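Chemist: sequence first, predicted coordinates after that:
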Amino acid sequence: MQSKIRILTVVGARPQFIKAATISRFLKKRKNKIIETIIHTGQHYDKEMSLNFFKELDIPRPHVNLNVGSGTHAYQTGEIIKRLEKHIKKLKPDLVLVYGDTNTTLAASIASSKFSCKLAHIEAGIRSFDNSMPEEINRIATDRLSDFLFCPTRSAVHNLRLEGRSKNVVFVGDVMRDSYLYNVNKIKDKNFYSKKFNNNYILSTIHREANTNNIKNLKNIFSVLKKISKKIQVIIPLHPRTRKIIKKAKFKLGNIKILKPVPYLEMLNILKNASVLITDSGGLQKEAYFSKVPCITVRENTEWIETLSQGWNTVSPPNFPIRFYKNILHAIKFNKKNKHENFFGDGKSAEKIIDFLIKNL
Ligand code: UD1
């Protein structure tokens, strides 16, 4: 009898839990062929950023939590590599599975590359072409080390071709779309937020280092949000880092409604009923696109270029607050009947990834 394929999934940050839940759900269906072990690096550790997602999305209990916690990029990445090494040595996986672009992704890729196991990157080929973003470095290095590159979009495949990669580069679609389609129907009180806020509110999330660690940018963002909140309710489920910084800097928030980080289904519910999303998150830009909610991305650029099509998403750098404000007013009036193409696959990317691995490992 052929032995089972041993997969080691390494996750650590909130968006990775969502993606891993989708793959794990599908891996269970192939349990006659594959055994999955999950390691949590502990990059995200607050209950609302971590444990709650495992419970809500029914993700199998991690084999171990490396409890790396917060620190500089070098600290976080280095500690994960060090702490992961002995587990890879002991578990001897055939494949290590990593997601997205966080320090956890990069660290697990480096750690596994020193062993004879293969490495698969889910969300491969995404590029912002902005090397000042830690996420861009994490993406490029992870792709370079990966044996299997699962791309969420055709443009990601193209990016990898330009870098000379074509072997085991597969367009599978986006696991976040799988996740969205699977979970969106599970939302219970679908009209809760539209009733609560009179069918008229803006959802916002801000957590990127380029915004939170640049006080001028952060001030610009919050002063525009405060101004807009005089016209329309603004709701912000706040990342713990942003919360700490705005508290320390004593920002005046006016009518802005601040929430703790919310569970995944609640986030989808708030988003689906929102008039506009204002964010610097990568994942939420896509979820807004799936939900047909116009988005303003408060950054210099976006790696999710497909969401820009037909004006569904607008990049608005925080150092131009007047333009940012005007863009929000424009987005409020956006015609939601505008053309909306699907670039992110058919919602079956998990199935495609697992089947490809079974055939090719
Ligand atoms: C990380 C990813 C980013 C992703 C985001 C999703 C990297 C380089 N960045 O950013 O791409 O969009 O996750 O949320 O990996 N903190 C807490 N509690 C927590 C987690 C974080 O208080 O549970 C605070 C700490 O002050 C910490 C800071 O947030 O220093 C930054 O957290 P970190 O995990 O390093 O990166 P994120 O900003 O969350």
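Modeler: Alright, I've got the coordinates.
Chemist: residue 271: what's it in contact with?
Modeler: 203, 277, 284, 287-288, 291, 293 (CB atoms under 8 Å, 6 or more residues apart in numbering). To be clear about C-beta, it is placed using only N, CA and C from the backbone, and glycine gets the same treatment.
Chemist: okay, it: pLDDT?
Modeler: The model reports residue 271 with a pLDDT of 97.
Chemist: likewise the one 4 residues further on?
Modeler: Looking at residue 275, its pLDDT is 97.
Chemist: does it touch residue 198 like I think?
Modeler: No: look at residue 275 against residue 198 with CB atoms under 8 Å: they stay out of range, at 10.8 Å.
Chemist: pick out whichever of those two has more residues nearby.
Modeler: A count of neighbours by other CB atoms under 10 Å puts residue 275 above the other of residue 275 and residue 198, at 21 against 9.
Chemist: next, the more buried one: phi, psi?
Modeler: Dihedral angles phi and psi of residue 275 (degrees, to the nearest 10) take the values phi -80, psi -40.
Chemist: what of the one 4 residues further on?
Modeler: For residue 279, the backbone dihedrals are phi -150, psi 160 (criterion: degrees, to the nearest 10).
Chemist: mind checking how far it is from residue 152?
Modeler: The spacing between residue 279 and residue 152, counted by CB to CB, to the nearest Å, is 18 Å.
Chemist: with residue 26 instead?
Modeler: For residue 26, the distance to residue 152 - CB to CB - is 16 Å.
Chemist: so for those two, which sits in the more crowded spot?
Modeler: Neighbours were counted for residue 26 and for residue 152 using other CB under 10 Å; residue 152 has more, 27 against 20.
Chemist: got the contact list for the residue lying closest to the more buried one once chain neighbours are set aside?
Modeler: Sequence neighbours aside, residue 174 is the residue nearest to residue 152 in space, at 3.6 Å (criterion: CB to CB, 6 or more residues apart in numbering). Taking CB under 8 Å, 6+ apart, we find residue 174 in contact with 123, 152-153, 286, 344-345, 349.
Chemist: apply 10 Å and report the result again.
Modeler: 19, 22, 122-123, 126, 150-153, 156, 180, 283, 286, 290, 304, 306, 343-345, 347, 349 (CB atoms under 10 Å, 6 or more residues apart in numbering).
Chemist: in this structure, which spans are strands?
Modeler: 5-11, 34-40, 64-65, 95-99, 118-122, 148-151, 169-171, 201-205, 233-237, 257-259, 276-279, 295-297, 313-315 (DSSP state E).
Chemist: which of those strands sits closest to the ligand?
Modeler: Among these, strand 201-205 comes nearest to the ligand, with 9.0 Å by CB to the nearest ligand atom.
Chemist: return the residues of the stretch 51-200 of the chain in contact with the ligand.
Modeler: For the stretch 51-200 of the chain, the residues in contact with the ligand (CB under 6 Å from any ligand atom) are 70, 76, 101-103, 134-135.
Chemist: separate out the buried members of the residues you listed.
Modeler: Buried members of those, counted by 16 or more other CB atoms under 10 Å: 76, 101-103, 134-135.
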